[in-house]
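A.B. asks: what follows is a predicted protein model with its sequence.
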Amino acid sequence: MAFVDRFPHARRVSLAVLLLALAALYFGLVEPHRIKKHTVTFHITGPIEEVTRIDTNWTCAEPPDSDITSGTSLFFAPGTAPREVRATVQLPSGSFWLDVAVSRGSKQSTTRQLVSLDGDTTVFVPSVEP
C-alpha cells in the first residue's frame, strides 16, 4: 500500500507546509531588506534666514563601518529656507546613522545621530544647532 493511499490528505498537507515555509523565508529574509519610502522631517533651529544648504548622509548602522547608503543636498537662497524641511529617503527599514550638515553662509554645523526607519512613518530628527 502506497504512502498516499494510507494518508489521503498527505499531498494537501505537504503543499500547505511547503507554502508556509516559503512564506516564512520571504518574510524572514527578503522583506526586511526591501527598499521603502520614508519621510524625514528636519526641524531647523537658530537663525533660519541664514541657512543656505542642508546636506544629509545615511549610513547603515550594522556593520558599523558601512559605506554611505544614501544622501541628499538641499540648497536655498538666503532668507528662503523653511523652518521644517521634509525629505523622502528610499531605504530598507532599520537603523541608520544620519549625518546632517547645515550651512549658514560660510559657517557649517554638523550633527550625527542614530535614526530608526520603520515602515512608512515620519521620523522627526531633533534640532540642528549652528
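C.D. replies: Happy to help now that I have it.

A.B. asks: is Ala77 part of a helix or strand, or is it coil?
C.D. replies: Assigned with DSSP: H, G, I helix; E, B strand; the rest coil, Ala77 falls in the coil class.

A.B. asks: what sits against the residue lying closest to it once chain neighbours are set aside?
C.D. replies: Distances taken as Cβ to Cβ, 6 or more residues apart in numbering put Thr52 closest to Ala77, at 7.5 Å, once the chain neighbours are dropped. Heads up, the C-betas are built off the backbone N, CA and C, glycines and all. With contacts taken as Cβ atoms under 8 Å, 6 or more residues apart in numbering, Thr52 has the following neighbours: Phe75, Phe76, Ala77, Pro78, Ala81, Ser103, Arg104, Gly105.

A.B. asks: which of the residues you listed lies closest to Pro63?
C.D. replies: Proximity of the contacts of Thr52 to Pro63 was ranked by Cβ to Cβ; the top entry is Ser103 with 30.2 Å.

A.B. asks: so what sits opposite that closest one in the bridge?
C.D. replies: In this structure, Ser103 has beta-bridge partners Arg53, Gln108, where bridges are defined by DSSP bridges.

A.B. asks: where does it land on pLDDT?
C.D. replies: In the predicted model, Ser103 carries a pLDDT score of 87.

A.B. asks: same question for Asp99.
C.D. replies: Asp99 is assigned 87 on the pLDDT scale.

A.B. asks: show me what it is bridged to.
C.D. replies: Partner residues in beta bridges with Asp99: Asn57, Arg112, with DSSP bridges as the criterion.

A.B. asks: residues near it, how many?
C.D. replies: Applying the criterion other Cβ atoms under 10 Å, we find 16 residues in the vicinity of Asp99.
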